[in-house]
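Undergrad: The following comprises the amino acid sequence and a computationally predicted model.
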Amino acid sequence: MADAADLKSRIDKSVEDLKRELAKARTGRANTNILDGIKVNQYGTPTPLNGVASISAPEPRLIVIKPWDKGVLKDIEKALREANLDVNPMNDGEMIRLPFPPLTEETRKKIAKQVKEKGEEHKVAIRNIRRDANEALKAQLKDKKITEDDLKRRTDEVQKATDAGIKQVDDLVAKKEKEVMTV
């Protein structure tokens, strides 16, 4: 943890990871990001779903998956069922339709809770980055590479960067929670 740029970079990576995680969370609308990370076993090789089919959301509550090779339809359907999306894939021999039913109040609360948990995990990660930075600064002081004044100033900078990262996480979580709870 040599400098402020490294600290900021690590905090930004954590925030970006949270954005990717939250994009997968289900809301009242069909969102193709929910399928990110699903692997299809194509000829014995796990392949990302978007690598074997085109994915679109032509309607607010429907995702259509159209494979380039109809031979992988069954494999795509199997991968979707194993992904536990709480959606029932419908295979018509040409494409797979994923109809998203409206979320119940209970489901919305459950998803909002998961969103909060993801936010907490990322806040802990940012605090761990702060701890690493502060330990590195103390080691530099011990090795007489920096002065007490430098330690104080840099520790304050680390805290400011940490606070900014945690505020970003809180803002993202609040926005996603609002999106999930909107009927």
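TA: Nice, I can see it.
Undergrad: which regions of the chain sit below the pLDDT cut-off?
TA: For the chain, the stretches flagged by pLDDT under 70 are 1-2, 183.
Undergrad: in it, which spans are strands?
TA: According to DSSP state E, the chain carries its strands in the segments 39-42, 45-48, 53-59, 62-67, 90-91, 96-99.
Undergrad: Show me which positions of the longest one end up buried.
TA: In this case it means strand 53-59. Residues of strand 53-59 classed as buried: A53, I55, A57 (neighbour count, 16 or more other C-beta atoms under 10 Å). Placement of C-beta: from N, CA and C, glycine included.
Undergrad: That one versus strand 62-67: what angle between them?
TA: Relative orientation of strand 53-59 and strand 62-67, computed by axes from the mean of the first three to the mean of the last three C-alpha atoms, to 10 degrees: 160 degrees.
Undergrad: Which stretches in the protein count as helices?
TA: The residue ranges that make up the helices of the chain, judged by DSSP state H, are 4-24, 73-82, 105-142, 148-181.
Undergrad: For the ones you listed, give me TSV that also has mean neighbour count and distance to R61.
TA: As requested, the helices of the chain are arranged in TSV below (neighbours: other C-beta atoms under 10 Å; distance: least, C-beta to C-beta, whole Å):
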stretch	mean neighbour count	distance to R61
helix 4-24	16	17
helix 73-82	17	16
helix 105-142	16	14
helix 148-181	16	15
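Undergrad: V40: which of these is closest?
TA: In this view, the helices of the chain are compared for proximity to V40 by C-beta to C-beta, and helix 73-82 is the closest at 4.6 Å.
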